[in-house]
Structure formats: C-alpha cells, structure tokens
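[1] Predicted model follows, preceded by the sequence.
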Amino acid sequence: MALKEVRYYTVRLENKEVPEFYDFQKRMSEYNGRELAEINRYIQKIGNSYGGAHERHFKPEDAAERLPPPYHEFIESDDPNNFGLRLYCIRLSASIVILLNGDRKTALKVKDCNYCYPHFDLARKISKALTKAIVENEIELDHYNKEIIVYEDFDLTI
Amino acid sequence: MNRKKKILEEIAIPAFEESIANMAEDSRIFVDKSLEIAEFIFLIMEDRNMKQKDLAEKLGKSEAEVSKWLAGMHNFTLRSLAKIEAALQTSIIKVPTFHPNVKITKQYSNLAITSKRHSTENDQEFNYCTKLISMEKFKEHIQQAKNKNEKKEAV
C-alpha cells in the first residue's frame, strides 16, 4: 500500500491463506468497525502527511510497535477489561512500515491478554528476524523510494 | 553464486479503503483534527527548539502526558488546550467568525475564514498555518484573498 509519505507492507505466513493485515481487517470489521476505521484513518493520514510515520506516532512494544498511539483510549467504553483495539506493526523508518495483526486488548498487560498476545509475539519475532536480515544484508531498505529489496530466494524465518 | 534481487510487490487491501470510506463523519473528524492539533503543537515546539520535557515542565505535567498529545488521536479537553495555548503563547484553536453575507463552501469554510484572520494578524502565526495545512486549495484561497485586498486598496 503506497501512500505519499509511507509505503505500508504486510507479511503472509507460510501456513496462512491471507496476509496478516488483511486478516486483521477481515476479522475486526465485523464487531469493531468504528475503532478499526479510526486506526485505518490514522494510518492513512500519517501515510499522506506530516513527513511520514514518526516514532511519536507509535507505541513501542518490545521489539515492535503498536497502534493506536500512546495512551489513546477509545471513547465510549465502560468495560474495565476493554482496552480497545491493538494493531501490531513494525516501523522500519519514517517511510517504511509493516502492518501486521491484532485484536481487542482485554487485560492491562499484553501477556495476560489471550486475544492480543499471539499477535504481539508474532510482531516481535518478525521484528527481530527482520533486524537480523537487515544487519546481514539479506534485506535492503530504500528509504527514498520506500522500497524493501530482497534476494529472490530470500525467506524470512522466525 | 550471483543472487538476483527483487523489490517486494504491492498488494491491495480493499477492506482498508472501504472502512475509511464508510466511517462515521465524527470519527473521521476526530482523527483528522487530533492529528492536526498534535502536529501543530509539534511544529511550534520544534520551531522554538523546545523539548517535550520543556513543555511538560511549563505545564507541571509529565513527559509521558506531552508525548500522548503529540501522537494524535488524543481527546483534548478545552481546558488542556487552553493551558497549552497559554504555555506556548500561541493560538491553537481558531473558531470561525460567522458572517451572514459571506458565502463559503462547506469543505473549506474553516480554512477560508482562518486564512482571512491570519493574513490580517501577525506574520509568524500565518507561517505556522501554511506550514501545517499545506493544501493547494488553501494556498489558492490565500492568494485570492490577497489579490482581493490589493484590489480594494488600489481602489
């Protein structure tokens, strides 16, 4: 997904039919439409304006990041166990971001949330694998053109 | 072995665009305005070489609180905006002045009135606005307003 300032990528796991961000959209649209749309609009806005995806737009979570940004609470929630939607992602630079998957957070700590933890865990594993691949020159980032360049036979192993 | 490189290909995720196209107008306004306000505060701080810590100290808040404001999607209260305006000595929110004889299209109503106000106020404030709202339409509107003013003065 290429916007003016940011190109967004996603990941498809070998054992999954659809890419992670696609799966997130599909699953969340049914019951969490309002929150999903707000996150999507936010992604679109920072993708088109304000000089791209800056650190301040994301909340760091271990080796990865998540949206919505820090401390944002979705309004109209009276449920103490409802912390809103979480979308885990990896900000490689202001112009390259990988959008992954997420769910509704139902516990204060992500490790206690059965819905979010698998997505959080996947995001940090992918992030670590990506960092390793970048360091080993298996992946090249072209920040100007917002492109990720890989060897044709490259597979990311997590 | 000479390994070939490739650029990762683009895929479309129609559900993403659809959810934005179908979102409630108040939700869209909330996201857009909160980001505009956040970026405006960020630009002013950057222009004045202010760190988050400096603003936090001025307001007696934590750095985490300021970080929350600068991310966007924060539900600002009028009270907190007033405190930020006072600390930065700059207007953040401008309420359009209603004028029954001026016909302005819905889409640009705020911008049109804002540009009129800002062009007659001090230049510094005007510059912040053009930096933040870099819309072609907005620039066109400012030019038109200036041309009109020049014509009036000439008359």
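    In hand now; what should we look at?
[2] Show me what secondary structure element comes after the helix ranked longest in chain A.
    Looking across chain A with DSSP state H, the single longest helix is helix A:117-135. Following helix A:117-135 in sequence order, the next helix or strand is strand A:139-142 (DSSP states H and E).
[3] Tell me the strands beside that next one, with direction?
    Sheet pairing here is set by DSSP bridges, and for strand A:139-142 it gives strand A:147-151 (antiparallel).
[4] now the angle from the strand it pairs with to helix A:117-135?
    70 degrees (axes from the mean of the first three to the mean of the last three C-alpha atoms, to 10 degrees).
[5] Identify each buried residue in strand A:147-151, please.
    Using 16 or more other C-beta atoms under 10 Å in any protein chain shown as the test for burial, strand A:147-151 gives A:Glu147, A:Ile148, A:Val150. Every residue, glycine included, has its C-beta placed from N, CA and C.
[6] ok, and what's touching it?
    A:7, A:9, A:92, A:96, A:138-142, B:3-8 (C-beta atoms under 8 Å, 6 or more residues apart in numbering or on different chains).
[7] farthest pair in these?
    A:Arg7 and B:Arg3 (23.5 Å; C-beta to C-beta).
[8] For the two, indicate the residue with more neighbours.
    A:Arg7 (23 against 10; other C-beta atoms under 10 Å in any protein chain shown).
[9] tell me the pLDDT at the more buried one?
    At A:Arg7 the predicted local distance difference test score is 93.
[10] Check what pLDDT residue 92 gets.
    You didn't say which chain, so I picked chain A. According to the model, A:Leu92 carries a pLDDT of 93.
[11] Oops, wrong one, chain B.
    91.
[12] contacting residues for the closest residue to it other than its chain neighbours?
    Take B:Ile92 and drop its neighbours on the chain: the residue closest to it by C-beta to C-beta, 6 or more residues apart in numbering or on different chains is B:Glu85, 5.3 Å away. B:Glu85 sits next to B:Ser91, B:Ile92, B:Ile93 when contact means C-beta under 8 Å, 6+ apart.
[13] could I get those as CSV with neighbour count?
    Shown next, in CSV, are these (neighbours: other C-beta atoms under 10 Å in any protein chain shown):
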residue, neighbour count
B:Ser91, 16
B:Ile92, 16
B:Ile93, 13
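[14] Pull the contacting residues for B:Ser34.
    With C-beta under 8 Å, 6+ apart, B:Ser34 has these contacts: B:Gly72, B:Met73, B:His74, B:Asn75, B:Phe76.
[15] Contacting chain A as well, which ones from the residues you listed?
    Filtering those for proximity to chain A (criterion: C-beta under 8 Å from any C-beta of the partner chain) leaves B:Gly72, B:Met73, B:His74, B:Asn75.
[16] Next, count neighbours for the second one.
    Taking other C-beta under 10 Å as the criterion, the count of residues near B:Met73 is 24.
[17] now the angle from the strand ranked longest in chain A to strand A:147-151?
    If you go by DSSP state E, chain A has its longest strand at strand A:96-104. Per the same axes, to 10 degrees, the angle that strand A:96-104 makes with strand A:147-151 is 100 degrees.
[18] Please indicate which of the ones next to chain A among the contacts of B:Ser34 are buried?
    Judged by 16+ other C-beta under 10 Å, buried ones among these: B:Gly72, B:Met73, B:His74.
[19] which residues pair with A:Gly104 across the strands?
    Careful, residue A:104 is Arg and not Gly. Here A:Arg104, judged by DSSP bridges, has bridge partners A:Leu85.
[20] Can you give me the neighbour number for it?
    18.
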